[in-house]
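> Show me the folded form of this:
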Amino acid sequence: MTLIQPFRSAVCLAVGLLMLPPALAQTAPAPAAAPATPKLPAWVEKSNQNTRVVNEVVARFGPEGAGQLGIEGLDEQIADLKPNLVERSRAAAREVLAELKERRAAEKDPLVRQDLEILIRAAEDNIRNSEINEKYYLPYNNVVRLVFFGMRTLLDDQIAPSRRQAAVVRLRKYAGMEPGYEPITKLAMDRTRERMKPGLLGPPKEQVQQDLNRNAFFINGIPKLLEKYKIEGWQEPFAKLKQQLDEYETFVRTEILPIARTDFRLPAEDYAFSLHQVGVDIPAEDLAKTAHAAFDQLQKEMQTIATQVAKERGLASADYRDVIRELKKQQLIGEAILPHYKDRLAQIEEIIRRERLVTVPARAARIRIASEAESAAVPAPNMRPPRLIGNTGEQGEFLLPLNIPGKREGETKRFDDFTFEAASWTLTAHEARPGHELQFAAMVEAGVSQARAVYAFNSTNVEGWGLYAESILLPYMPREGQLISLQFRLMRAARAFLDPELQTGKISPEQALAVLKNDVVLSDAMAQQEVERYTFLAPGQATSYFYGYTRLMQLRQEVEKAQAKKFDQQRFHDFILGQGLLPPELLRKAVLADFAGRKAD
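Residues are numbered from 1 along each chain as shown. Below is the predicted model of the structure:
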């Protein structure tokens, strides 16, 4: 249900780097044989040469995430938190921006120019992001999380064994044990302390407290990874780093927590920019109004289906809320969860092929249960995209966490929202096929340009497809599956008005929780996670699902009207996936011009 950017939160927000793609490192079975590398069109080759200018800057300041993206030669490098970080990174981004604009002025190929526009927008947005952060916020980094993912990107079944030993070098650099390196914890503390001055906002207190509560999962997860892959020589640097991380936690408790802000709301300028960054290009008020109307309509549709389900099952109440609660009682337990989801995927793939919804590759998709540390990082179902640059067969993976870690290991809040049979239809459609897994696989296997695969990314064009994928499968689900699919669409509509209304103070977190628990019928754990998402984890991001879905539905209706009986949904969906991650307006122009054969307004 979400795509995560671990390095962006730890580094890129602080320095304004060009945004790294979403990623969560994975543990998976050995990769299948690599698909044949597509022969790239000349314009894609040329576009990728332009993108290298951007990649170099990303690699310089955030090599862990850049390496996971697929940029090679960075396995031993670590994030740059050295002095004058903001000034240095922003100057580098401005140099790149000037170079890209020069290339755009000289470029004649319209497709290459379009990709240059994507890169220019990414550079401008991230410079702007850096300026807003500097204007309003005290720098705050979750260093424990950064280090864990720095290890996680190298210690993985889809990483060649010859590369994994580099994790020790990276570990030594984090601990300041290599020549020319200071402990990353000291650098992080220095960057925060040098900006401690009146007027700047500290991080939200809830965020800091949650980070402190979950640090143990990340710290304990590092040696588990090193032991799993039989890495040698890690004990000494890890012991030193662990001591430093403990000292950093003391710093956070004594110097950050006391000045953390109790008002989660972002400054209006920043919230508006957050919506822009995730791809929402209409005013928040208009989005909320549309979402409220959709919420009401979805409740009516759900009630119709719930009445049918209640009659078939002989339930005492036909209210959709009560019917959902009854369906949730069919919980999958332990070892039964993963086989069930794999079987569900096979059923869905049969439907996709039979109904010609979209082209499905012959190879299997990946689904697995998330580890404790991964669940701490992302306590919701999520898709880990594959390597997007230089892919040699690496695949994305659908991760299914089972709980939210509590304040201490072993203390958890339980979900019941995606471990019951009726929910597996829509969740598999969203995260696997025909949703995100297929979305990213299509880009890798079709040879989409790096600009479109990486730097065009925003939540609207990614999550919009995920929710749209649920909707095209919905008619072929059993009634129970349809009800839960609409329930999850109801949640996306709720996000699109709860998020902005919380940020403007129109409603309180308690009121938002009530809507999510009572009307959307989420568990206490998931409802709490949702409110945390709107208030301090990723304000604005959750609105993108509903908005992206709405734009795709509008585009489909426009194409169907233009093509009438000639409309072929499989060709339409294959064309969309083949465009990469174009923002809605660029996607509309491409679809209308190159698929529907008409000029966009």
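
> Ala370 contacts Glu397, correct?
No: counting by Cβ atoms under 8 Å, Ala370 sits too far from Glu397 to count as a contact (9.8 Å). Any C-beta I mention is one placed from the backbone N, CA and C, and that applies to glycine too.

> part of a strand, is Lys197?
No: counting by DSSP: H, G, I helix; E, B strand; the rest coil, Lys197 is not part of a strand but coil.

> Tell me how many other residues surround it.
7 (other Cβ atoms under 10 Å).

> and if you look at Gln299?
Gln299: 18 neighbours (other Cβ under 10 Å).

> That one and Lys205, how far apart?
Distance, Gln299 to Lys205, by Cβ to Cβ, to the nearest Å: 35 Å.

> so where do the strands sit in the stretch 401-550 of the chain?
Secondary structure of the stretch 401-550 of the chain (DSSP state E, counting those that start in this stretch): strands at 403-405, 412-414.

> Which residues are in contact with Gly309?
Quick fix: residue 309 reads Val, not Gly. Applying Cβ atoms under 8 Å, 6 or more residues apart in numbering to Val309 gives the contacts Leu315, Val323, Leu327, Arg479, Glu480, Leu483.

> shaky segments in the chain?
Applying pLDDT under 70 to the chain picks out residues 1-38, 376-377, 379, 402-413, 598-601.

> What segments of it are strands?
Taking DSSP state E as the test, the strands found in the chain are 367-369, 382-384, 397-400, 403-405, 412-414.

> helices or strands up against the first one?
If contacts are counted by 3 or more Cβ pairs under 8 Å, 6 or more residues apart in numbering; DSSP states H and E, strand 367-369 sits against helix 337-355, strand 397-400.

> next one: the shortest one to chain centre, how far?
On the basis of Cα atoms, centre = their mean, to the nearest Å, the separation between the geometric centre of strand 397-400 and that of its chain is 12 Å.

> what sits against Lys186?
Neighbours of Lys186 in contact, by Cβ under 8 Å, 6+ apart: Gly176, Gln244.

> switch to 6 Å and redo it
Residues near Lys186 by Cβ atoms under 6 Å, 6 or more residues apart in numbering: none.

> Relative to Gln77, how far out is it?
Applying Cβ to Cβ, the value for Lys186 to Gln77 is 18 Å.

> can you check Glu374 too?
Taken as Cβ to Cβ, the span from Glu374 to Gln77 is 23 Å.

> Same question for His573.
Distance from His573 to Gln77, by Cβ to Cβ: 39 Å.

> how about the helices in the stretch 101-250 of the chain?
Applying DSSP state H, counting those that start in this stretch to the stretch 101-250 of the chain gives helices spanning 110-136, 143-152, 161-164, 166-174, 184-193, 205-228, 235-251.

> closest one to Glu510 among these?
Glu510 lies closest to helix 205-228 among these, at 13.6 Å (Cβ to Cβ).

> Okay, buried residues for the closest one please.
When burial is assessed from 16 or more other Cβ atoms under 10 Å, helix 205-228 yields the following buried residues: 205-208, 210-212, 214-219, 221-223, 225-226.

> How about stretch 356-368?
If you call a residue buried by 16+ other Cβ under 10 Å, then stretch 356-368 has these buried ones: Leu357, Val358, Thr359, Val360, Ala365, Arg366, Ile367, Arg368.

> Same question for stretch 169-189.
Buried, per 16+ other Cβ under 10 Å, within stretch 169-189: 169-176, 183-185, 187-189.

> closest to Ser523 among the residues you listed?
Ala188 (34.7 Å).

> wait, isn't the closest one in contact with Asn142?
No: using Cβ atoms under 6 Å, Ala188 is not in contact with Asn142; the gap is 9.2 Å.

> before we move on, back to that, ok, His573 and Gln77, which is more surrounded?
Per other Cβ under 10 Å, whichever of His573 and Gln77 has more neighbours is His573, with 24 against 19.

> Thought Arg356 was touching the more buried one, still the case?
No: counting by Cβ under 6 Å, His573 does not reach Arg356; the two are 9.4 Å apart.

> Who are the contact partners of Tyr468?
Listed by Cβ under 6 Å, 6+ apart, the contact set of Tyr468 reads Tyr549, Leu552.

> try 8 Å
Gly548, Tyr549, Leu552, Met553 are the contacts of Tyr468 under Cβ under 8 Å, 6+ apart.

> show me what contacts the third one?
When you say that, I think you mean Leu552. Applying Cβ under 8 Å, 6+ apart, the residues near Leu552 are Gly464, Trp465, Tyr468, Ile576, Pro584.

> For the residues you listed, give me a markdown table that also has distance to Gly70.
Shown next, in a markdown table, are the contacts of Leu552 (distance: Cβ to Cβ, whole Å):
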| residue | distance to Gly70 |
| --- | --- |
| Gly464 | 24 |
| Trp465 | 21 |
| Tyr468 | 27 |
| Ile576 | 23 |
| Pro584 | 26 |
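
> are any of the residues you listed buried, and which?
Here, 16+ other Cβ under 10 Å leaves Gly464, Trp465, Tyr468, Ile576, Pro584 buried among the contacts of Leu552.

> ok, of these, which one's closest to Lys39?
Distance to Lys39 across these (Cβ to Cβ) is lowest for Ile576, with 22.1 Å.

> Quick check: closest non-adjacent residue to Thr192.
Setting aside the residues directly before and after it, Thr192 is nearest to Pro139 in space (Cβ to Cβ, 6 or more residues apart in numbering), at 5.1 Å.

> Run a quick neighbour tally on the closest residue in space to Leu287 that isn't next to it in sequence.
Leaving aside its sequence neighbours, Leu287 sits nearest to Ala496 (Cβ to Cβ, 6+ apart; 5.5 Å). Ala496 has 28 neighbouring residues, counting by other Cβ under 10 Å.

> same check, this time on Glu56
Glu56, neighbours per other Cβ under 10 Å, totals 13.

> ok, now Ile507?
16.

> what does Thr304 give?
Look at Thr304: counted by other Cβ under 10 Å, it has 12 neighbours.

> same question, Val44
21.

> What are the boundaries of the helices in the stretch 401-550 of the chain?
Using DSSP H, counting those that start in this stretch, the helices of the stretch 401-550 of the chain run over 424-431, 436-446, 450, 459-473, 479-503, 509-514, 524-532, 544-563.

> how about those helices, which one is nearest Ile132?
Among the helices of the stretch 401-550 of the chain, helix 479-503 comes nearest to Ile132, with 14.8 Å by Cβ to Cβ.
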